[in-house]
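Engineer: How does the following fold in three dimensions:
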Amino acid sequence: EVQLVESGGGLVQAGGSLRLSCAAFGFTFDDYATGWFRQAPGKEREGVACISRNDRSTYYADSVKGRFTISSDNAKVSVYLQMSSLEPEDTAVYYCAARWNYYCDGYEMEAPYDYSGQGTQVTVSS
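Structural biologist: From the prediction side, this is the model:
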């Protein structure tokens with residue numbers, strides 16, 4: 001079964017760090033761009049980061065630039081979101097999505113997505 005599964009969320013104090021993982025099952029990220037998105041209660045979904053196919057380019061929202069880093073593993077079966085200096089405003093459900101043959105090139109990954117996950121909760125306490 002082809003799917004994306006996020007993990008690594010949890011409760012952390014402000015200033016702390018978490019690393020989220022997006023694992024691909026049934027395919028690899030070789031030809032896909034991968035985006036991380038988040039949605040907090042009562043707020044619109046926000047594109048947080050994106051990494052292009054072949055790691056050619058990345059995108060970060062201004063709200064996370066300098067604090068979050070997106071990367072992929074050599075086997076192209078996982079994409080990570082390293083989050084540092086977390087703030088209570090980062091509290092949200094974080095999702096990953098993949099889109100075939102797409103390049104972020106400095107912009108949030110646009111729909112339609114070929115695959116998306118169920119999300120993982122990140123809670124940052126003050």
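Engineer: mind listing what the residue nearest the centre of the chain touches?
Structural biologist: The central residue of the chain, meaning the one whose C-alpha is nearest the mean C-alpha position (C-alpha atoms, centre = their mean), is W36 at 2.3 Å. Under the criterion of C-beta atoms under 8 Å, 6 or more residues apart in numbering, the contact partners of W36 comprise L20, C22, G47, V48, A49, C50, I70, V79, L81, Y94, Y95, C96. Quick note: C-beta positions are derived from backbone N, CA and C, even for glycine.
Engineer: now with 7 Å?
Structural biologist: The contact partners of W36, taken as C-beta atoms under 7 Å, 6 or more residues apart in numbering, are V48, A49, I70, L81, Y94, C96.
Engineer: could I get these as CSV with distance to G106 and pLDDT?
Structural biologist: Output for the contacts of W36, formatted as CSV (distance: C-beta to C-beta, whole Å; pLDDT from 0 to 100):
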residue, distance to G106, pLDDT
V48, 14, 97
A49, 12, 98
I70, 13, 97
L81, 18, 98
Y94, 21, 98
C96, 19, 98
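Engineer: okay if I get these as a markdown table plus neighbour count and secondary structure?
Structural biologist: What follows is the contacts of W36, written out as a markdown table (neighbours: other C-beta atoms under 10 Å; DSSP: H, G, I helix; E, B strand; the rest coil):
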| residue | neighbour count | secondary structure |
| --- | --- | --- |
| V48 | 25 | strand |
| A49 | 27 | strand |
| I70 | 24 | strand |
| L81 | 26 | strand |
| Y94 | 23 | strand |
| C96 | 31 | strand |
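Engineer: so how far is D55 from A23?
Structural biologist: 17 Å (C-beta to C-beta, to the nearest Å).
Engineer: And the two? Which one has more around it.
Structural biologist: Neighbours of A23 and D55, each counted by other C-beta atoms under 10 Å, are more numerous for A23; the result is 17 against 14.
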